[in-house]
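Visitor: Sequence plus the predicted model coming up.
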Amino acid sequence: MVLQKTSPVGFFAGQRLGDRTGSLMSTKNETANVKQERAARLSEQLRANLMRRKSQARARREGAADERAEGITLAQAPVRTTEDDEA
């Protein structure tokens, strides 16, 4: 059996056919493992974020009323000047 070289284009350029298929199989397994690890990591982060947000919501409900002034300071009515009255 004669193995042919692959075309010199792409990731596996210059490798023999037998080498390439072995690499692909291990790459598929590694890719599957990486995807599973990522999904588990994201799931854990999502649960932690949800717990943190629930805790914040509980603290807001049980906490004292906010003592800051209503609204944004810049959104309050502008101070009238004498120039405005003349116009």
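Guide: Yep, it's here.
Visitor: pLDDT weak spots in the chain?
Guide: 1-25, 64-79, 81, 83-87 (pLDDT under 70).
Visitor: the longest helix in this structure is where?
Guide: Longest helix of the chain, by residue count under DSSP state H: helix 17-62.
Visitor: ok, Arg58 - how many residues close by?
Guide: By other CB atoms under 10 Å, the residues close to Arg58 number 10. Bear in mind the C-beta positions are built from the backbone N, C-alpha and C, glycine included.
Visitor: And for the one 4 residues further on?
Guide: The criterion is other CB under 10 Å. On that basis, Glu62 has 7 neighbouring residues.
Visitor: any idea how far it lies from Lys54?
Guide: Glu62 sits 13 Å away from Lys54, going by CB to CB, to the nearest Å.
Visitor: now Thr31
Guide: Taking CB to CB as the measure, Thr31 falls 35 Å from Lys54.
Visitor: list the buried ones in stretch 34-43?
Guide: Neighbour-count burial for stretch 34-43, counted by 16 or more other CB atoms under 10 Å, picks out no residue.
Visitor: What of stretch 55-62?
Guide: Result for stretch 55-62 [16+ other CB under 10 Å]: no buried residues.
Visitor: Put the alpha carbons of stretch 57-66 into PDB.
Guide: What follows is stretch 57-66, C-alpha atoms only, in PDB (Å, rounded to 0.1, in the frame of the first residue of the first chain):
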ATOM      1  CA  ALA A  57     -32.500  41.400  44.800                       C
ATOM      2  CA  ARG A  58     -33.100  40.100  48.300                       C
ATOM      3  CA  ALA A  59     -30.800  42.700  49.800                       C
ATOM      4  CA  ARG A  60     -32.600  45.500  48.000                       C
ATOM      5  CA  ARG A  61     -36.000  44.300  49.200                       C
ATOM      6  CA  GLU A  62     -34.800  44.000  52.800                       C
ATOM      7  CA  GLY A  63     -32.500  47.000  52.900                       C
ATOM      8  CA  ALA A  64     -33.300  50.600  54.000                       C
ATOM      9  CA  ALA A  65     -34.900  53.000  51.500                       C
ATOM     10  CA  ASP A  66     -32.500  54.800  49.200                       C
END
